[in-house]
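# generate a structure from the sequence data that follows.
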Amino acid sequence: MSFTSTLLLGNTENANALIGTPIRVDEGYGHTGRVYTVAVHVSNFLGAVHIEAALVGDPTPDDWFNVIAPFRFPRPDTVLQNLGESAVVGFTVSGNYAWIRARMERDGLPEIPTGIPNPYGFVDRVLLNASY
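Coordinates of the predicted model:
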């Protein structure tokens with residue numbers, strides 16, 4: 001069992017879209033998979049966070065798929081103090097994946113002009129913990 005979290009995605013600052021570094025999570029053939037816990041930390045955030053996996057050893061962009069439905073912020077029925085949502089959202093899923101990564105996007109929002117403080121908030125971090 002692992003008690004150390006791995007960073008899937010760091011602070012996104014002013015990015016409109018960002019893909020975190022993929023993490024190799026498979027143990028090779030003969031294993032039945034792992035249980036993965038993911039924590040998504042956002043601050044005043046507008047946008048979506050995807051947790052994606054791939055089953056092949058050397059994935060191409062077409063090999064990635066969503067492990068669960070994307071987290072869209074702000075979430076429905078959330079009471080907001082600002083434009084976006086500040087929260088920590090977690091989930092647990094089991095699977096036999098080769099790779100896992102996090103991806104952030106802000107589809108439908110205007111580009112953030114250079115030199116302007118981010119009006120759409122940010123993803124502070126996305127953490128992954130895996131256990132057998």
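# quick one: mean pLDDT over the host helix or strand of Arg103.
Following DSSP states H and E, the helix or strand that holds Arg103 is strand 99-105. Within the predicted structure, the mean pLDDT of strand 99-105 is 97.
# same check, this time on stretch 14-33
Averaged across stretch 14-33, the pLDDT comes to 82.
# number of residues surrounding the nearest residue to Ala53 once chain neighbours are set aside?
The spatially closest residue to Ala53, leaving aside those adjacent along the chain, is Tyr97, at 4.0 Å (C-beta to C-beta, 6 or more residues apart in numbering). For every residue, glycine as well, the C-beta is placed using N, CA and C. Tyr97: 21 surrounding residues under other C-beta atoms under 10 Å.
# Ile23 versus Tyr97, what's the distance?
According to C-beta to C-beta, to the nearest Å, Tyr97 and Ile23 sit 10 Å apart.
# mind listing the strands for the protein?
In the chain, the strands defined using DSSP state E lie at 6-9, 17-19, 23-24, 34-45, 47-54, 65-66, 71-73, 85-95, 99-105, 122-131.
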